[in-house]
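Participant: whatever this is, show me its structure:
(chains A and B)
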Amino acid sequence: MKTGIPLFVVLLAFGFLGLSQAARAEYPERPVKIIIPYPAGGIVDVATRIVTDRIAQNWGQPVLVENRPGANGNIGAATVKNAAPDGYTLLIGSTFLVLNPLLDRNSKVGSEDFVPIGTLGIPPNLLAVPAASPTKSLADFIVVAKAKPGQLNAANPGIGSSNHLGTEVFLSLAGIDLTQVNYKGQPPFIPDLLNGQLDFAFISAALAAPHIQSGKLRPLAVSYDKRLKSHPDLPTVGELGYPEAAVLPWTGFFAPTKTPPPIVRRLAAELKKALQDAEVMRRNDALEAVNPDLFLEDFAHFLDDETRRWRKVIAERHLQAE
Amino acid sequence: MELFTHLNIGLDAVFTLSNLGYCFLGVLLGTLIGVLPGLGPVATIAMLLPVTYGLPPLSALIMLSGIYYGAQYGGSTTAILVNLPGESSSVVTCLDGYAMARQGRAGAALGVAALGSFFAGTVATLVIAAAAAPLAELALKFGPAEYFSLMLLGLIAAVVLAQGDVFKAVAMVVLGLVFGLVGTDVNSGVERFTFGIPELADGISFVVLSMGIFGIAEIIVNLERVEHRDVFAARVGSLLPNREDMRLSWKPVLRGTALGSLLGILPGGGAVLSSFSSYTLEKRLAADPARFGKGAIEGVAGPEAANNAGAQTSFIPLLVMGLPSNAVMALMVGAMMIHGIVPGPQVMTERPALFWGLIVSMWIGNLFLVLLNMPLIGLWTRLLKVPYRLLYPVILLFCCVGVYSVNNSAFEVGLTLFFGVLGYLFVKIRCEPAPLLLGFVLGPMMEENLRRAMLLARGDISVFVTRPISLTLLIAAALLLCLLAWPRARRTRDLAFQE
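Facilitator: A predicted model of the protein is given here:
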């Protein structure tokens, strides 16, 4: 009898150990919540759901996607920053994670609050002019813009957006001056671009596609380092001599800083797997999405590069609000 | 006839058991969320978006759009019965609809709202089918200058909305403008009046403001005077509008339908603007404008027709150009993109069954709505007999859930309570909240478009009179201002003579 008790305890202890190991191996044991800091139905929302649908199917476990829009991503990001770092609350982060701290000294959230997991497919921007514009190429456009400094109008869907930054870099490289007209996001400027009140825009390929097809909008270049599958004839900004004007609104999965590394690696592997799925690839193509395919350390290095890059541009172009 | 061929394609596509089922499900859901204060189509469609991924695209779109226009129907019910605008566009319906309910004519108000909406929905659907393409071109002609002039017209109309004191009305409009200023300035990216609170960086949401000032404030007022409520709840009266109601209503419905169909195609609150402007128009045309705000049936019929027509035609820019005209339409873009359909002019030619199917489904949905809502009127009016001590906690709960669901933000629930207290204060000092709401909606849009127009014109102010649409709108605004000043001057003089 005396030996029976320790044996029982030992067995029990092993049992618990086994259970807890099984539990850890079986992350996620409950639904994972992913916070999108943008409204439902937008490009980032659609791009995220393409992947989360697949991950949920692979896991046999629902992935809860929650939209927490506001303050240019800061509200959603702050929610995840303060969440338990257990891998059950993740953030869809984008360029704002790098840019908000650079543009706004009071910003309380930034890329350093998160561990990068991996990037998603996202549509790049196109440099486009209305169809009625006489310019047929980017070189044409630069000639016209040089002849009329400050007289042409460019759309700006938000301070610090990839569209805005791409425009600033392009203007600086090409040595031209356009008047930037501000809008709340991209959809509101599209009518003014189509009817010719605006002369130029960096516009998401997903939003531009129907208007290019109907002949109301003329794309001049892709703001990315590879050509688009849907527009194989359209040159990249790099091919035209402005490689730095490639500004992708990169978007990816992030976890709070203290999330255990095994879970972060597991999530990166799951994301990679989902992105290689044929259906995900088909839906990403339909969205004109491209993916720089950055995971873990590579993604982290990329974020450091981005911070340095934009700190310099913001200082040079005086983009910080007073 | 090309139109009939098209409608035939649509009918073929819609007349399957499942599509009709989704249409009914959509309008039923829409009616419910419309009736429940705070829960709006934006939150509902956002929540259902992932669910629709598994459906065929047409079924998904039929259901989602059913939710949207169903909510416009349902929104009027709460507005009339408990003075709570279930939807932003039913704010105006509160004014006379609730007054009618207090007089025991809730049934008539609900009936006119449903029939007027059905008529407007039918006409607007035909407008979409017949004239979507040219109307979308018109919407494209609206640049910043045109929007500014339209908003100016709207703001002047806001003063007409008010009962009584013009100075109080102007003060409320200005207060609305001030609340509208909160948020990030579009041009500079600088935050204004946000006090460092990140939740205020995108401004105060319309749902928060209207729910607080109308809904919560009304509850506080009602709790103060229970006995009054019991009086009007006891006699609900006839469930249907009588012949006299019909005689008074048919012209406002026609005018509302026309106004709504036109304003609905403009991006940015077309449906809201259409109901406000229809009310203003009816009040101007009425033989006795003093009846307005005290239960004039025209004040329910016109705006209800207008907001339903507007809700329907707001699909035009989306379907024809791929341009969303409001938050719900932006969600529809998302719904289409999830199915790999990029909304735009090519949808009509490449997927005619989808395009025409959706349009035909709108008419069928409207038919479902009127069949669903007419019998429900009896049920809704019986709600008035529910003791208020049981009713108000439920209303409060739904308000909170609804506000929370818009942005998943607890802060906004608190802000709603703040506006509730403010609204109560307005009741006490006899200030009408409707002009405040219009100032709040139009002010920021007006500022944005003014600055944009001036920037595009390089500071040349003549841009507002050299563009023909803008000039027309400004002339209309000037006329309205004259109309506003003239009878008031006369009335003041009359009063002076009496004394």
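
Participant: contacts, neighbours, all on C-alpha from now
Facilitator: Will do.

Participant: separation between residue B:37 and chain A?
Facilitator: Applying CA to the nearest CA, to the nearest Å, the value for residue B:37 to chain A is 21 Å.

Participant: that residue touches residue B:400, doesn't it?
Facilitator: No. Using CA atoms under 8 Å, residue B:37 is not in contact with residue B:400, being 9.0 Å away.

Participant: where does the stretch 201-322 of chain A have low pLDDT?
Facilitator: Residue ranges of the stretch 201-322 of chain A with pLDDT under 70: A:321-322.

Participant: mind jotting down where the helices sit in it?
Facilitator: Counting by DSSP state H, counting those that start in this stretch, the segments of the stretch 201-322 of chain A that form helices are A:205-213, A:261-275, A:278-286, A:296-317.

Participant: out of the ones you listed, nearest to residue B:168?
Facilitator: Closest to residue B:168 of those, according to CA to CA: helix A:205-213, at 44.7 Å.

Participant: and for the closest one, what's in contact with it?
Facilitator: A:43, A:123-126, A:187, A:217-219, A:287-289, B:321-322, B:342-346 (CA atoms under 8 Å, 6 or more residues apart in numbering or on different chains).

Participant: could you turn the buried ones of the residues you listed into a PyMOL selection?
Facilitator: In PyMOL, this line selects whichever of these come out buried by 16 or more other CA atoms under 10 Å in any protein chain shown:
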select buried, (chain A and resi 43+123+124+125+126+187+217+218+219+287+288+289) or (chain B and resi 321+322+342+343+344+345+346)
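
Participant: what about the contacts of helix A:205-213, which are in strands?
Facilitator: Among the contacts of helix A:205-213, the members falling in strands are A:125, A:126, A:217, A:218, A:219 (criterion: DSSP state E).

Participant: assess the claim that the second one and residue A:203 are in contact.
Facilitator: Yes. Residue A:126 is in contact with residue A:203 according to CA under 8 Å; the separation is 5.3 Å.

Participant: give me the mean pLDDT for the helix or strand where residue B:149 lies.
Facilitator: Using DSSP states H and E, residue B:149 sits in helix B:144-161. Averaging pLDDT along helix B:144-161 gives 79.

Participant: can you spell out which helices and strands pack onto that helix?
Facilitator: helix B:166-181, helix B:270-285, helix B:433-456, helix B:463-466, helix B:468-498 (3 or more CA pairs under 8 Å, 6 or more residues apart in numbering or on different chains; DSSP states H and E).

Participant: worst mean pLDDT among those?
Facilitator: Lowest mean pLDDT of the helices and strands packed on helix B:144-161: helix B:468-498, a mean of 71.

Participant: returning to what we had before: what's the most buried one of the helices and strands packed on helix B:144-161?
Facilitator: helix B:270-285 (a mean of 26; mean count of other CA atoms under 10 Å in any protein chain shown).

Participant: can you give me how far that one is from the chain middle?
Facilitator: Distance of helix B:270-285 from the chain centroid (CA atoms, centre = their mean, to the nearest Å) equals 10 Å.

Participant: report the backbone C-alpha coordinates of that helix in CSV.
Facilitator: Below are the C-alpha coordinates for helix B:270-285, written out as CSV (Å, rounded to 0.1, in the frame of the first residue of the first chain):
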residue,chain,number,x,y,z
GLY,B,270,-27.7,60.5,-50.1
ALA,B,271,-30.4,58.7,-48.2
VAL,B,272,-30.1,61.0,-45.1
LEU,B,273,-30.1,64.2,-47.2
SER,B,274,-33.1,63.0,-49.2
SER,B,275,-35.3,62.5,-46.2
PHE,B,276,-34.3,65.9,-44.7
SER,B,277,-34.9,67.7,-48.0
SER,B,278,-38.2,66.0,-48.6
TYR,B,279,-39.4,67.1,-45.2
THR,B,280,-38.3,70.7,-45.8
LEU,B,281,-40.0,70.7,-49.2
GLU,B,282,-43.3,69.4,-47.8
LYS,B,283,-43.2,71.9,-45.0
ARG,B,284,-42.7,74.7,-47.5
LEU,B,285,-45.5,73.5,-49.8
